[in-house]
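Colleague: Kindly generate the corresponding structure for this input.
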Amino acid sequence: MPVNEANPADSWWSEAVVYQIYPRSFADSNADGIGDLQGIIERLDHLSQLGVDVLWLSPVYPSPHDDNGYDISDYQDIDPLFGTLDEFDRLLDAVHERGMKLVMDLVINHTSDEHPWFTASRDGGRQGSKRDWYIWRPARDGMEPGTPGAEPNNWGSFFSGPAWTYDEPSGEYYLHLFSRKQPDLNWENPVVRQSVHAMMRWWLDRGVDGFRMDVINLISKTPSLPDGAVHEGSRHGDGSPHYICGPRIHEYLAEMHREVFEGRPRQLMTVGEMPGVTVEEARLFTDPARREVDMVFQFEHVGLDQGPGGKFDVRPLKLTDLKASLGRWQTGLGETGWNSLYWNNHDQPRIVSRFGDDSPAYRDRSAKLLATVLHLHRGTPYVYQGEELGMANAPFASIDDFRDIESLNHHREQTALGVDEEQILAGLRHRSRDNARTPLQWDTTQNAGFTTGVPWIAVNPDHTRVNAKAQIADPDSVFHYYRRLISLRHTEPALTHGGFHMLHPDHEQLYAFTRHHAASGTELLVLANFSGADLTIDLPDGWEHSETLIANVSATTPLTAPHTLQPWEARVHRRNV
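Modeller: Numbering: from 1, shown residues only. Reported below is the predicted structural model:
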């Protein structure tokens, strides 16, 4: 079973640190410009040296790559772009030999429109053999099929445009919350669920250690698929109340646990990516007694710097908003739930450019500060490839530099509306998913050691200053700071089992909190100056001259009251209580 019924903090993954690999951009072994499984195998010692426990592998299944592999055309094979099943087995063995575990990315809200299931659903029109495996609907009453506004409802797609595509041969529309090449599966159909469960068991039998489940809380839709409210400035209705944590979501996840994970001889790990999930809902999803998932990815904190215009309407982050959000999740999940802790992933821009300061003066220090704050919270930390080096956003010069379908669709839509080109590009430079997808920076050679061919997306030119080879050689680097933080996760019980208490919630520069572990009589104090200016603070009682556990400023002075933190300084202190 993948959960501990008594307390999530007693499960193996509570002390673990997860590292996400985006295979396309990690390491290329055959000079085709695209990362692959053999490239990962050749770089595993980097991850072993870092000290991480779990590798989360973004999709490597066969795919047309409309959405870079999140549009799967075969769930039980490896895309030749990345390698073979034999190479996957060798990777899995090599990961296990190093004492690490491997979690697969699982995309089961939708498939590719080139998956045989969808082909069978579309071929033969309304009598297709798998017609009811997907969500098909006729045009609105009284409307001509295929004309604007005739879609079955007014929902918009996450990737711009309507969430429906018209299939002329059958005279009906199919639902796709993402790209038109990513049709949504019909989870109301029990045969669909059984087929998904069988596929998951196949991977577990092969030896994988769990799954990260992509947008898993979208699989249950309100059966009537009603129109959504049209918000100001939007061309489409907001269907999210009818598909985010829909009416049967808990039933589906409990069934999945029962059919896939129950009775397994080893403890597995399940992570549910859940856009729009609330603390109250997450408490239910992660309650061990309910047997659904071990932890969830929520998006609240990574939406705090966007304005009313949506993701690409960038606003400055207010630190008080960030503390309120993360603090609410820390206390809200309490003793029965569990947090996933992350700043970066394949869908998010680089955090040092976003919430930190990526200037030469403070790039390393702010990267270390952000790592400190994240890893000292209660939950399982996730490190996205390159985060351990302080990789930053890329200097995209024009739309020709972007590759991501979401970014390209947004540019096309905004251009059609007459929005200024530089305004569009400014939003994309800040928030495009391509910021996370530039190749990992291994060394100073051409293409950063990622490939000897032509990379599928340009390497960030700053790799001559920021790269793994240089950082491994520098004991004061971001890489070695991450190593020390990861070691703390393994050895300091207050991080896994300790309570959480936010300090100074209304301060706009200081992020401070304590972690208290009664069983060991240990308390930790975390102080972080989220600014480029000195910050003088009052200390809580009893912390003067306490032990420095870790700090990102080498010449750290003892704590005194009052105490001045340098720009972007972070420090963690420990005392016995």
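Colleague: so for the helix or strand hosting residue 324, what's the average pLDDT?
Modeller: Per DSSP states H and E, residue 324 falls inside helix 319-333. Helix 319-333 shows a mean pLDDT of 96.
Colleague: Not counting its neighbours along the chain, what's nearest the most centrally placed residue in the chain?
Modeller: The residue lying closest to the centre of the chain (CA atoms, centre = their mean) is residue 345, at 4.1 Å. Among residues not flanking residue 345 along the chain, residue 384 sits closest, at 5.1 Å (CB to CB, 6 or more residues apart in numbering). For the C-beta atoms, the positions are set from N, CA and C on the backbone; glycine is no exception.
Colleague: From residue 553, how far off is the one you found?
Modeller: 25 Å (CB to CB, to the nearest Å).
Colleague: about what we covered before: who does the residue nearest to residue 345 bridge with?
Modeller: Per DSSP bridges, the residues bridged to residue 384 are residue 20.
Colleague: can I assume it is in contact with residue 20?
Modeller: Yes - counting by CB atoms under 8 Å, residue 20 is a contact partner of residue 384 at 4.8 Å.
Colleague: What number of residues are in the vicinity of residue 547?
Modeller: Per other CB atoms under 10 Å, the neighbour tally for residue 547 reads 12.
Colleague: give me phi/psi at it?
Modeller: Main-chain torsions, residue 547, degrees, to the nearest 10: phi -70, psi 130.
Colleague: How about residue 523?
Modeller: Backbone geometry at residue 523, expressed as degrees, to the nearest 10, gives phi -130, psi 140.
Colleague: who are the neighbours in contact with it?
Modeller: Residue 523 sits next to 494, 498, 514-517, 574-577 when contact means CB atoms under 8 Å, 6 or more residues apart in numbering.
Colleague: what residue ranges in the stretch 201-350 of the chain score low on pLDDT?
Modeller: Of all residues in the stretch 201-350 of the chain, none has pLDDT under 70.
Colleague: what does the one helix or strand residue 549 maps to contact?
Modeller: Element membership for residue 549 (DSSP H and E) is strand 547-551. With contact meaning CB under 8 Å, 6+ apart, strand 547-551 is reached by 372, 481, 484-485, 488, 492, 524, 556, 558-559, 569-575.
Colleague: Go through the residues you listed and flag which are in helices.
Modeller: Counted as lying in helices by DSSP state H, out of the contacts of strand 547-551, are 372, 481, 484-485, 488.
Colleague: List buried residues within the residues you listed.
Modeller: Taking 16 or more other CB atoms under 10 Å as the criterion, what is buried in those is 372, 481, 485, 488.
Colleague: correct me, but the last one touches residue 496?
Modeller: Think residue 488. No - in this structure residue 488 lies outside contact range of residue 496 using CB under 8 Å: 10.3 Å.
Colleague: which phi and psi does residue 172 have?
Modeller: Per degrees, to the nearest 10, the backbone of residue 172 is at phi -130, psi 170.
Colleague: Ignore what I typed, I meant residue 141.
Modeller: Dihedral angles of residue 141 (phi, psi; degrees, to the nearest 10) stand at phi -60, psi 130.
Colleague: before we move on, the earlier item: who's more crowded, residue 384 and residue 553?
Modeller: residue 384 (23 against 17).
Colleague: per-residue confidence for the more buried one?
Modeller: Value for residue 384, per-residue pLDDT: 98.
Colleague: Spit out the contact partners of it.
Modeller: Per CB under 8 Å, 6+ apart, neighbours of residue 384: 19-20, 22, 342-346, 348, 436.
Colleague: Look up how far residue 21 lies from it.
Modeller: Relative to residue 21, residue 384 is positioned 9 Å away (CB to CB).
Colleague: And the strands in the stretch 151-300 of the chain?
Modeller: Remark: strands assigned in the stretch 151-300 of the chain by DSSP state E, counting those that start in this stretch are 164-167, 172-175, 210-213, 269-273, 295-297.
Colleague: of all those strands, which lies closest to residue 284?
Modeller: Between residue 284 and those, the shortest separation by CB to CB is 10.1 Å, and it involves strand 295-297.
Colleague: what's the following helix or strand after that closest one?
Modeller: Per DSSP H and E, strand 295-297 leads on to strand 306-307 as the next helix or strand towards the C-terminus.
Colleague: which other residues reach the helix or strand following that next one?
Modeller: As assigned by DSSP H and E, the chain's next helix or strand after strand 306-307 is strand 310-314. Identification of contacts with strand 310-314 by CB under 8 Å, 6+ apart yields 303, 305-307, 410, 424, 426-428, 430-431.
Colleague: at 10 Å what do you get?
Modeller: The contact list for strand 310-314 (CB atoms under 10 Å, 6 or more residues apart in numbering) reads 158, 231, 233-234, 302-303, 305-307, 349, 354, 406-407, 410-411, 414, 423-433.
Colleague: Using CSV, list the CA coordinates for it.
Modeller: Provided in CSV are the C-alpha atoms of strand 310-314 (Å, rounded to 0.1, in the frame of the first residue of the first chain):
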residue,chain,number,x,y,z
GLY,A,310,-4.0,35.5,-16.4
LYS,A,311,-0.7,33.6,-16.4
PHE,A,312,1.1,36.0,-18.7
ASP,A,313,-0.1,39.2,-16.9
VAL,A,314,2.9,39.5,-14.6
